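Asks: have a look at this prediction, sequence included:
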Amino acid sequence: PADAQRTASGRASKVLAPGTGTVRPTADDTVKVHYTGWTTDGKMFDSSVKRGEPASFPLKRVIAGWTEGLQLMVTGEKRRFWIPVELAYQNRPGKPAGMLVFDVELLDVLQAPRAPADVAAPPADAQRTASGLASKVLAPGTGTRHPAATSRVTVDYTGWTTDGKMFASSIPRGRPASFPLTGVIAGWTEGVQLMVEGETRRFWIPEELAYQGRPGAPAGMLVFDVKLLAIAD
């Protein structure tokens, strides 16, 4: 309609009910929403409302019109979006075609951790090992055991490149990660063995202990915040 708000990308939207919160999600966050989608001939193709269960997903992993549009919203807000095909499914086979219309209610935002101020380089008080790994305890642990190189650990973690871009995090998923220390990058295998259960530590992992320039993997030195939740030998 004429009173819809439009962006340079071609997406249009209109607030149906104002929000009660003040938090707006970023592309790195996970959102919880109720939504219904229609094609422009009025055919409904998907609805969490009809299923009776809200949907949760990382905002960067949906169609571009959603990633852009939901960042305009605050919690509690209901908004209608008109999303042009190039910001939707681009007429991919098996997907709804053409411009799509969605009514979205933003129920909650699970915020991803923001990049730390010292993401560019380890500070002077960081601990360093002979391999070049640097780390700093952010919160002391409650346990006394250290994992071995062969242990399986459960952690919450977030990783950034040194320009502050987050590339991985268990926090927005709301689900810790579990893995054997033999199956991760060398900086993790070495570094997590320094920790005890309950501890949170920041690691600065040089490229040679990270992904070593492998195509498709985060490049350069990487920074991780890790909380060691449990050790399973």
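Replies: Arrived safely, thanks for sending. Because the structure is a prediction, the values reported are computed rather than measured.
Asks: contact partners for the residue nearest to the spatial centre of the chain?
Replies: Residue closest to the mean C-alpha point of the chain, counted by Cα atoms, centre = their mean, is D28 at 4.3 Å. For D28, the contacting residues are 58-60, 112, 166, 169, 172, taking Cβ atoms under 8 Å, 6 or more residues apart in numbering as the criterion. Where you see a C-beta, it was placed from the backbone N, CA and C, and this is true even at glycine.
Asks: same question, L87
Replies: When contacts are counted by Cβ under 8 Å, 6+ apart, L87 touches 9-11, 63-65, 68.
Asks: with K95 instead?
Replies: Counting by Cβ under 8 Å, 6+ apart, K95 makes contact with 88-89.
Asks: doesn't T39 make contact with D46?
Replies: No: between D46 and T39 no contact is recorded; they are 10.5 Å apart, counting by Cβ atoms under 8 Å.
Asks: helices along this structure, start to end?
Replies: Read by DSSP state H, the chain holds these helices, from start to end of the chain: 48-51, 64-69, 186-192.
Asks: quick one: buried residues of the last one?
Replies: In other words, helix 186-192. 187-192 (16 or more other Cβ atoms under 10 Å).
Asks: between the residues you listed, which sits nearest A4?
Replies: Distances from A4 to the buried residues of helix 186-192, taken as Cβ to Cβ, are shortest for W188 (47.7 Å).
Asks: pretty sure that closest one contacts L181?
Replies: Yes: if you go by Cβ under 8 Å, W188 and L181 touch, sitting 6.8 Å apart.
Asks: contacting residues around M99?
Replies: Counting by Cβ under 8 Å, 6+ apart, M99 touches 39-40, 82-85, 88.
Asks: check those and tell me the two furthest apart.
Replies: The largest separation in these, counting by Cβ to Cβ, is between T39 and P84 at 12.8 Å.
Asks: list just the nearest of the contacts of L87 to S151.
Replies: The closest of the contacts of L87 to S151 turns out to be I63 (Cβ to Cβ; 40.3 Å).
Asks: show the contacting residues for that closest one.
Replies: Under the criterion of Cβ under 8 Å, 6+ apart, the contact partners of I63 comprise 83, 87-89.
Asks: do T158 as well
Replies: 112-113, 166, 168-171, 224-225.
Asks: what do you get if the cut-off is 10 Å, keeping everything else the same?
Replies: Counting by Cβ atoms under 10 Å, 6 or more residues apart in numbering, T158 touches 28, 112-116, 166-172, 202, 223-227.
Asks: what's the PyMOL line that selects buried ones from the residues you listed?
Replies: To isolate the buried members of those in PyMOL, using 16+ other Cβ under 10 Å:
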select buried, resi 28+112+113+115+166+169+170+171+172+202+223+224+225+226+227
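Asks: hmm, back to that, identify the contacts common to D46 and T39.
Replies: The contact sets of D46 and T39 overlap at 96, 100 (Cβ under 10 Å, 6+ apart).
Asks: so which of the helices of the chain gets nearest L107?
Replies: L107 lies closest to helix 48-51 among the helices of the chain, at 9.9 Å (Cβ to Cβ).
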